[in-house]
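Colleague: no FASTA, just this:
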Ligand code: ADP
Ligand code: MG
């Protein structure tokens, strides 16, 4: 287990690849001000809880890193909220508590294998977050205060 940590801010525009290419939307957050936090935590896939302004608290699985498949030159913070929303929520306040680490960032030889891996990560996150060890964090005051 890891020591839980927080990130938050308004949802910003990414490259539009999450939902358009992968079928997996990721609500990007600015990395500004999080330089030291991000360098303390290795790139990879994490899970936790997301508080989204006035909408509620949701499970999330998140990539932090360089997205080697897409050759990004900047580190990104990209949580996938495990909930079906009617539309976009750009600009809305999103607060995360990150409670677990699934795997390091990896490169994939095909988009299909990347997508399969992310769906497996999602399953791992969903199940882990039901455990008392991790479910208790959905009441975290920082993420709740955004809702
Ligand atoms: P971008 O590259 O701009 O981040 P994406 O293709 O990754 O675009 O889509 C992310 C956007 O989709 C989010 O900013 C949000 O407004 C919206 N969205 C809708 N449903 C979800 C969800 N379940 N998880 C994350 N974002 C979602
Ligand atoms: Mg995105």
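Modeller: Perfect, I can see it now. Owing to the predicted nature of the structure, the values given are computational and were not obtained by experimental measurement. Ligands and ions are numbered 1, 2, ... in the order given.
Colleague: Just checking, which helix or strand succeeds the strand or helix carrying residue 62 along the chain?
Modeller: Element membership of residue 62, judged by DSSP states H and E, is strand 56-65. Going down the chain from strand 56-65, the next helix or strand is strand 76-81, by DSSP H and E.
Colleague: Report the contact partners of residue 121.
Modeller: 45, 47, 61, 102-103 (C-beta atoms under 8 Å, 6 or more residues apart in numbering). No exception for glycine: its C-beta is placed from N, CA and C like everyone else's.
Colleague: one more time with 7 Å, if that's ok
Modeller: By C-beta atoms under 7 Å, 6 or more residues apart in numbering, residue 121 lies in contact with 45, 61, 102.
Colleague: Find the residue closest to the second one in space, skipping its chain neighbours.
Modeller: Looking back up the chat, that one is residue 61. Among residues not flanking residue 61 along the chain, residue 125 sits closest, at 3.9 Å (C-beta to C-beta, 6 or more residues apart in numbering).
Colleague: Ramachandran angles for that neighbour?
Modeller: According to degrees, to the nearest 10, the main-chain angles of residue 125 amount to phi -60, psi -50.
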